[in-house]
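Asks: Whatever this is, show me its structure:
(one chain, ligands or ions: 2)
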Amino acid sequence: MRILSGIQPSGTIHIGNYFGMMKPAMELSKKGEAYLFIADYHALTVLPEPEKLRGRIRNVAVDFIACGLTEETVFFRQSDVRCIPELTWILSCVTPMGLLERCHGYKDKLAHGLSPNHGLFAYPVLMAADILIYKSNIVPVGKDQKQHVEVARDIAQRFNNKYGEILVLPEPQIREDAALVPGTDGQKMSKTYGNTIELFGNEKELKKKFMSIVTDCKTLEEPKDPETCPVFTLYKLFAANDQIEVMAANYRKGGYGYGHAKKELFDVFWEYFRPFRTRREELLKDMGYVDAFLRRGAEKANETAEKTMKQIRESIGL
Ligand code: ADP
Ligand code: TRP
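Replies: Ligands and ions are numbered 1, 2, ... in the order given. As a prediction, this is how the structure comes out:
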């Protein structure tokens, strides 16, 4: 079984990325062969600044490895696999416009004021190439990416109908408990929306971010509903079951303020990532290890991709 997922280096890795994709992908990698990559071609749709892009690719690589990637994982940069844009074009020619016009991701980005370049529109076809070129079976992603994996599946089906059974139909895998991690504004946490809490960073600044999470205006004395509060939703990701029950009871009985809850949330967060922080410090002093990790990944990814491309080129008459 092949597991595949990607993350854009359009910003710094945040809690939503970790629980929505990284953690499930690393867990799944125990059951099969995992291909994880840094989607730098995708990031070009929103980040046309070369120096920033270079720096962020490097940071995502360090942060991901620090979070516990094992050496068996095929971890690489998307742009190191040069036949990805080739397959994107081939798949574009079996992709109906309507399929892309229906994509929420594109519409959401426009609604957030991004200018609609062709890359942003064609984004799901590039993602389909990522998934299909390695004949991936399972694609662990957050809920926002589910539709894109379904589009990839649809494109694979259309390709196979035209040219023969070459591509494998992928399945999205969404962890319900972390399908949509809220950001500091209570909406989906996203690098594109400026509401993120990063995994790594300065303690004081991170604490400030936790303290800025939006809540309703209930007074300290009033009973509160934990289920509608983003502070509690985030707490559930880090805390043990008995801790979660205690916090829920505190919310309901009143006399417990959002400030208390945020402080407790910060504490569990800080402890949770402590070992990863230590590992990250070590990696920053040994970037040769990180580069070699990515080089090995790129070699393996290219080998697998080229096999599929050979079949595809033959089948389409090129
Ligand atoms: P962003 O939206 O911050 O740009 P990406 O698009 O690079 O993040 O997402 C990388 C992975 O993390 C995807 O699988 C995505 O579904 C997941 N992810 C991102 N934000 C969240 C979130 N708030 N909750 C759950 N999963 C998320
Ligand atoms: N579009 C994904 C995101 O923004 C990143 C990505 C690119 C991806 N290619 C992929 C995820 C292939 C899974 C499979 O989150």
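
Asks: alpha carbons only for contacts and neighbour counts from here, please
Replies: OK.

Asks: Just the helices from the stretch 51-200 of the chain, written as ranges.
Replies: 84-92, 97-101, 104-111, 118-133, 146-163 (DSSP state H, counting those that start in this stretch).

Asks: Could you export the longest one as CSV, CA atoms only?
Replies: Below are the C-alpha coordinates for helix 146-163, written out as CSV (Å, rounded to 0.1, in the frame of the first residue of the first chain):
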residue,chain,number,x,y,z
LYS,A,146,-10.8,16.0,0.2
GLN,A,147,-12.4,17.4,-2.9
HIS,A,148,-9.0,17.7,-4.6
VAL,A,149,-8.3,14.0,-4.0
GLU,A,150,-11.8,13.2,-5.4
VAL,A,151,-10.9,15.3,-8.5
ALA,A,152,-7.7,13.3,-8.8
ARG,A,153,-9.7,10.1,-8.7
ASP,A,154,-12.1,11.4,-11.3
ILE,A,155,-9.2,12.4,-13.6
ALA,A,156,-7.6,8.9,-13.2
GLN,A,157,-10.9,7.3,-14.2
ARG,A,158,-11.2,9.5,-17.3
PHE,A,159,-7.6,8.8,-18.2
ASN,A,160,-8.1,5.0,-17.8
ASN,A,161,-11.3,5.0,-19.8
LYS,A,162,-9.5,6.7,-22.7
TYR,A,163,-6.1,5.0,-22.6
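
Asks: can you list the domains in the protein?
Replies: Structural domains assigned to the chain are 2-180+287-316, 201-272, following automatic domain parsing.

Asks: looking at those, which is buried most?
Replies: A comparison of the domains of the chain by mean neighbour count, using mean count of other C-alpha atoms under 10 Å, puts domain 2-180+287-316 on top with a mean of 18.

Asks: for that domain, how far is the first residue from the last?
Replies: In domain 2-180+287-316, first residue to last residue: 25 Å (C-alpha to C-alpha, to the nearest Å).

Asks: Can you pull the residues of the stretch 101-250 of the chain lying near ligand 1?
Replies: Applying the criterion C-alpha under 6 Å from any ligand atom, the portion of the stretch 101-250 of the chain that neighbours ligand 1 consists of 141-145, 178-182, 188-192.

Asks: okay if I get the helices of the stretch 51-200 of the chain as JSON lines plus mean pLDDT?
Replies: Written out in JSON lines, the entries for the helices of the stretch 51-200 of the chain read as follows (pLDDT from 0 to 100):
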{"stretch": "helix 84-92", "mean pLDDT": "98"}
{"stretch": "helix 97-101", "mean pLDDT": "96"}
{"stretch": "helix 104-111", "mean pLDDT": "90"}
{"stretch": "helix 118-133", "mean pLDDT": "97"}
{"stretch": "helix 146-163", "mean pLDDT": "98"}
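
Asks: Switch these over to JSON lines; also include distance to ligand 2.
Replies: Rendered in JSON lines, the data for these read as follows (distance: least, C-alpha to the nearest ligand atom, whole Å):
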{"stretch": "helix 84-92", "distance to ligand 2": "11"}
{"stretch": "helix 97-101", "distance to ligand 2": "14"}
{"stretch": "helix 104-111", "distance to ligand 2": "9"}
{"stretch": "helix 118-133", "distance to ligand 2": "4"}
{"stretch": "helix 146-163", "distance to ligand 2": "7"}
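
Asks: possible to save those as JSON lines with distance to Arg274?
Replies: Rendered in JSON lines, the data for the helices of the stretch 51-200 of the chain read as follows (distance: least, C-alpha to C-alpha, whole Å):
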{"stretch": "helix 84-92", "distance to Arg274": "37"}
{"stretch": "helix 97-101", "distance to Arg274": "41"}
{"stretch": "helix 104-111", "distance to Arg274": "33"}
{"stretch": "helix 118-133", "distance to Arg274": "33"}
{"stretch": "helix 146-163", "distance to Arg274": "31"}
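
Asks: Just the CA atoms of the helix or strand encompassing Ala249, as PDB, please.
Replies: In this structure, Ala249 is located in helix 241-253 according to DSSP states H and E. C-alpha atoms of helix 241-253 as PDB (Å, rounded to 0.1, in the frame of the first residue of the first chain):
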ATOM      1  CA  ASN A 241      -9.000  12.200  28.100                       C
ATOM      2  CA  ASP A 242      -9.200  12.900  31.800                       C
ATOM      3  CA  GLN A 243      -7.800  16.400  31.300                       C
ATOM      4  CA  ILE A 244     -10.400  17.000  28.600                       C
ATOM      5  CA  GLU A 245     -13.200  16.000  30.900                       C
ATOM      6  CA  VAL A 246     -12.000  18.300  33.600                       C
ATOM      7  CA  MET A 247     -11.900  21.200  31.300                       C
ATOM      8  CA  ALA A 248     -15.300  20.500  29.800                       C
ATOM      9  CA  ALA A 249     -16.800  20.400  33.300                       C
ATOM     10  CA  ASN A 250     -15.100  23.700  34.200                       C
ATOM     11  CA  TYR A 251     -16.600  25.300  31.200                       C
ATOM     12  CA  ARG A 252     -20.100  24.100  32.100                       C
ATOM     13  CA  LYS A 253     -20.100  24.900  35.800                       C
END
